[in-house]
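*Asks:* can you look at this prediction? I've put the sequence above it.
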Amino acid sequence: MTLGRTLWCIILIKLFIMFAVLRVFFFPSYLQGGEEEKGEAVSAELTERMAPLPPPDNDVE
Amino acid sequence: MMDAIDSSLVDWSRAQFALTAMYHWLFVPLTLGLGVVMAIMETLYVRTGREFWKQTARFWMKLFGINFAMGVATGIILEFEFGTNWSNYSWFVGDIFGAPLAIEGILAFFMESTFIAVMYFGWNKVSKRAHLASTWLTIIGATISAWWILVANAWMQHPVGMEFNPDTVRNEMVDFAAVAFSPVAVVKFCHTVSSSWVLGAVFVVGVSCWYLLRGRHREFALSSIRVAAWFGLFAALITAHTGHQSGRDIAMYQPMKLAAAEGLYEGSAEQGLVLGGILRPGADWTTGSTDDHFLLKVEMPYALSYLATHDLQGYVPGIRNLLEGGYTLPDGSVALSAEEKMRRGRVAIEALAQYRAASEPEQKAAALATLRQNFPWFGYGYLKSPGELVPPVSITFYSFRIMVVLGGYFIALFAGLLLLGQRVTRWKWAQLAVVLTIPLAWLASQAGWVVAEVGRQPWSIQGLLPNVAAISKLDVGSVQTTFFIFLVLFTLLLVAELGIMGKAIAAGPETDETSA
């Protein structure tokens, strides 16, 4: 097989694996729905993930 | 709710992204560097009319094509990961990240792919000058692609030109020029592209020296070395200069990264630069004194102060100072402590929640004012302790030194090859040393990315969004699965590339050496 054919073969196999296998089965879009639903979902995530407030100081001295 | 995010999910998501980005970055710098070398070779052909230069250019184009074909679309996997693994980040950055990537895809990538077809299949179909223009436009297209990708990356390191919209929970671009021509983006582009030129030049002199070692294609090898060594020396000097400018940017916008790269725990004025050193294994970088963190170090007095502030007496904060605050910033204000930034971050996040929950205009306005006031520290609200602000120091410290030492070595290598000229044919050990330098160019290039990306941890977007808030809440097992799928896939592709590239190099150029 010539160099050109080998490269085209590899490119096509690679693109098939990326778009027909990985993209479809392993990388679905995590955020679903319309723009508003997506914004709502991210807003909820960003709010819920806030670090808890540190416990108040118990300086008894 | 923070417990819902497993720390191993953050680590595996980062590992997966790092693997993909580092694999992609094996191909990109060779495309950018070798592309310019082959275009210079073809320019020599058009100017001199010698068939020798045409065959020389065609040989390097063949290697360029192999690299291009093997690397094509590897960057697309990163975009899959943005949508699946980094969904909060992708939404939060909005069109600021999307616009440069779209411009890259529509303008630069299509320009590159159009002219690459003429470059490979148009040798006897278009005029010499049209072909030469296609070759240059191919590499210019690839370089413009790099520009837009680096604009997006630079924004993550130094977010500018945007305003956060709490209604959509997205950052919206308000100043395109500020994003596209951010000083961080300009310096990052110049440093990254010039370092890629260095890598391309090292590849060319390395392969050429392999031919000299084997006693083959002597004139081809010497001519290629001459062109690539001049180009490489020029590129390496630009890389050193832009590296200095990049250091200045890091000192201004990401001082924790600079402190980590220097292993600087306690900052000072007249601060020395660590030329070399050995960090104490397992040292805790959130406590102790400077002596606790090094087993050995050699410093150049004043150099870090000069690098960071352009003043030998300039103050450079260390990790402790950055965590505790209290020192005077260049604008005269007093640096906040990490605790205070975390408090303000929480205020900003709570204000966002209040804004979105509020039904009365007055409540909304009050929450919005609080959010705007505290937004610069928004991301700090996701951190549980100040220690999370310290990036992995040893990885950043050693990667920085690997990059700088190798950068200096490349300058010496190119200068040495130019001084030796044809005498390099007599010194087998020198030829072997140059051949063995080829992988070092990739090591330096990858080390540069490690400094840039590991050094800015824990941030996805500096100050605004840490990884723990940026990732999607996926099952760790699914991220691990895709990590190992990629590992196998990338390894197979890399083996295939090395095999094909090795065969093409072994076959050698079709130059008629008598016409040189």
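*Replies:* Here it is on my side, so go on.

*Asks:* just the element for the most centrally placed residue in chain B, please.
*Replies:* The centre of chain B sits closest to B:Trp449, judged by Cα atoms, centre = their mean, with a distance of 4.1 Å. B:Trp449 belongs to helix B:428-454 when assigned by DSSP states H and E.

*Asks:* the following helix or strand past that helix vs chain A: in contact?
*Replies:* Beyond helix B:428-454 in the direction of the C-terminus, DSSP H and E gives the next helix or strand as strand B:459-461. No - figure legend: strand B:459-461 not in contact with chain A (Cβ under 8 Å from any Cβ of the partner chain); closest approach 12.3 Å. To be clear about C-beta, it is placed using only N, CA and C from the backbone, and glycine gets the same treatment.

*Asks:* mind jotting down where the helices sit in the stretch 51-200 of chain B?
*Replies:* B:51-71, B:76-84, B:87-93, B:95-103, B:110-121, B:128-157, B:176-180, B:183-213 (DSSP state H, counting those that start in this stretch).

*Asks:* just the CA coordinates of stretch B:348-364, formatted as PDB?
*Replies:* The C-alpha coordinates for stretch B:348-364 follow below in PDB (Å, rounded to 0.1, in the frame of the first residue of the first chain):
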ATOM      1  CA  ALA B 348     -20.800  36.100  45.500                       C
ATOM      2  CA  ILE B 349     -22.200  32.600  45.100                       C
ATOM      3  CA  GLU B 350     -25.000  33.200  47.700                       C
ATOM      4  CA  ALA B 351     -25.800  36.500  45.900                       C
ATOM      5  CA  LEU B 352     -26.200  34.600  42.700                       C
ATOM      6  CA  ALA B 353     -28.600  32.100  44.300                       C
ATOM      7  CA  GLN B 354     -30.500  35.000  45.900                       C
ATOM      8  CA  TYR B 355     -30.700  36.900  42.600                       C
ATOM      9  CA  ARG B 356     -32.100  33.900  40.800                       C
ATOM     10  CA  ALA B 357     -34.600  33.100  43.600                       C
ATOM     11  CA  ALA B 358     -35.700  36.800  44.100                       C
ATOM     12  CA  SER B 359     -39.100  37.800  42.700                       C
ATOM     13  CA  GLU B 360     -39.000  41.500  43.700                       C
ATOM     14  CA  PRO B 361     -37.000  44.000  41.600                       C
ATOM     15  CA  GLU B 362     -35.500  45.500  44.700                       C
ATOM     16  CA  GLN B 363     -34.300  42.100  46.000                       C
ATOM     17  CA  LYS B 364     -32.800  41.300  42.600                       C
END
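
*Asks:* which residue packs closest to B:Leu233, ignoring adjacent ones?
*Replies:* Leaving aside its chain neighbours, B:Leu233 sits nearest to B:Phe414 (3.9 Å; criterion: Cβ to Cβ, 6 or more residues apart in numbering or on different chains).

*Asks:* would you map the helices across chain A?
*Replies:* Assigned by DSSP state H, the helices in chain A fall at A:3-16, A:35-48.

*Asks:* report the angle between whichever strand or helix holds B:Ser478 and helix B:183-213.
*Replies:* Assigned by DSSP H and E, B:Ser478 belongs to helix B:476-507. Helix B:476-507 and helix B:183-213 meet at an angle of 40 degrees, taking axes from the mean of the first three to the mean of the last three Cα atoms, to 10 degrees as the criterion.

*Asks:* can you list the helices and strands that helix B:476-507 packs against?
*Replies:* helix A:3-16, helix B:7-48, helix B:51-71 (3 or more Cβ pairs under 8 Å, 6 or more residues apart in numbering or on different chains; DSSP states H and E).

*Asks:* just the helices of chain A: most buried one?
*Replies:* When these are scored by mean count of other Cβ atoms under 10 Å in any protein chain shown, the highest mean neighbour count falls to helix A:35-48 (a mean of 17).

*Asks:* hmm, who's touching that helix?
*Replies:* Residues from elsewhere that reach helix A:35-48, judged by Cβ atoms under 8 Å, 6 or more residues apart in numbering or on different chains: A:31-33, B:1, B:4, B:87-88, B:91-92, B:167-170, B:349, B:352-353, B:356, B:469, B:473.

*Asks:* just give me how far that helix sits from the chain centre.
*Replies:* Offset of helix A:35-48 from its chain centre (Cα atoms, centre = their mean, to the nearest Å): 15 Å.

*Asks:* need the buried ones from the contacts of helix A:35-48 selected in PyMOL.
*Replies:* Buried subset of these, written as a PyMOL selection, criterion 16 or more other Cβ atoms under 10 Å in any protein chain shown:
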select buried, (chain A and resi 31) or (chain B and resi 87+88+91+92+168+169+170+349+352+353+356+469)
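
*Asks:* mean confidence score for stretch B:342-361?
*Replies:* Averaging pLDDT along stretch B:342-361 yields 93.

*Asks:* any buried residues in it, and which?
*Replies:* B:342-356.

*Asks:* can it be found next to chain A?
*Replies:* Yes - using Cβ under 8 Å from any Cβ, stretch B:342-361 reaches chain A at B:Met342, B:Arg346, B:Ile349, B:Glu350, B:Leu352, B:Ala353, B:Arg356.

*Asks:* quick one on the thing from earlier: find the nearest non-adjacent residue to the residue nearest to the centre of chain B, please.
*Replies:* B:Trp449 sits nearest to B:Trp25 (Cβ to Cβ, 6+ apart), 6.0 Å away.

*Asks:* what segments of the stretch 251-400 of chain B are helices?
*Replies:* Using DSSP H, counting those that start in this stretch, the helices of the stretch 251-400 of chain B run over residues B:255-262, B:303-309, B:319-324, B:338-357, B:361-374, B:393-420.
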